[in-house]
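A.B. asks: Turn this into a model:
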Amino acid sequence: MVKKVGFICEGETEKIIVESSAFQRLLTDLNLSCAVAVDASGNGNLLPKNIQNHLETMRRYKVDFTIILTDLDEDVCITKTKERIQGSEKNEAIIIVSVKTIESWFLADSKTLSLVFS
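C.D. replies: Below is the predicted model of the structure:
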């Protein structure tokens, strides 16, 4: 049985990746289907007071799992980032924290950058 997944992305870059055909194929291979991907427009919008509307979107789409994609930003560790997002109430989402910002991955990939700028 295919499970429906919803993604709350910290920004536009993460949303583009989630919606890419390669990522969608990966989900299909894992018996998952992307029901919706939303752009939270910055990590400040992942704070508990701001994230509820995104979680409500996930409920409307009746997803089986909600995954929040974010990066470490200024936090000292992954645990602090997760605590900042969850607040005192644990929400129903799975939080995935990248230690490096996604944009730095692109900068580290000189082969791809040379293709983009050639």
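
A.B. asks: Verify the assumption that residue 17 is located in a helix.
C.D. replies: Yes - under DSSP: H, G, I helix; E, B strand; the rest coil, residue 17 sits within a helix.

A.B. asks: and the spatially most central residue of the chain, what is it in contact with?
C.D. replies: Centroid-nearest residue in the chain, with C-alpha atoms, centre = their mean: residue 69, separated by 2.2 Å. By C-beta atoms under 8 Å, 6 or more residues apart in numbering, residue 69 lies in contact with 7-10, 14, 18, 96, 98. From N, CA and C alone the C-beta is placed, and that goes for glycine too.

A.B. asks: Sort out which of the residues you listed are buried, if you could.
C.D. replies: 7-10, 14, 18, 98 (16 or more other C-beta atoms under 10 Å).

A.B. asks: nearest to residue 49, of these?
C.D. replies: The closest of these to residue 49 turns out to be residue 8 (C-beta to C-beta; 14.6 Å).

A.B. asks: Assign that closest one to helix, strand or coil.
C.D. replies: Applying three-state DSSP: residue 8 is strand.

A.B. asks: doesn't residue 46 make contact with it?
C.D. replies: Yes - using C-beta atoms under 8 Å, residue 8 is in contact with residue 46, at 7.3 Å.

A.B. asks: Now the common contact residues for these two.
C.D. replies: In contact with both residue 8 and residue 46: 40, 68, using C-beta under 8 Å, 6+ apart.

A.B. asks: Show the average pLDDT along the top helix by length along the chain.
C.D. replies: The longest helix of the chain (DSSP state H) is helix 48-60. Averaging pLDDT along helix 48-60 gives 90.

A.B. asks: What strands line up against the very next helix or strand once past it, and which way round?
C.D. replies: Remark: after helix 48-60, the chain's next helix or strand is strand 65-71, criterion DSSP states H and E. Paired with strand 65-71 in the same sheet, following DSSP bridges, are strand 3-9 (parallel), strand 94-98 (parallel).
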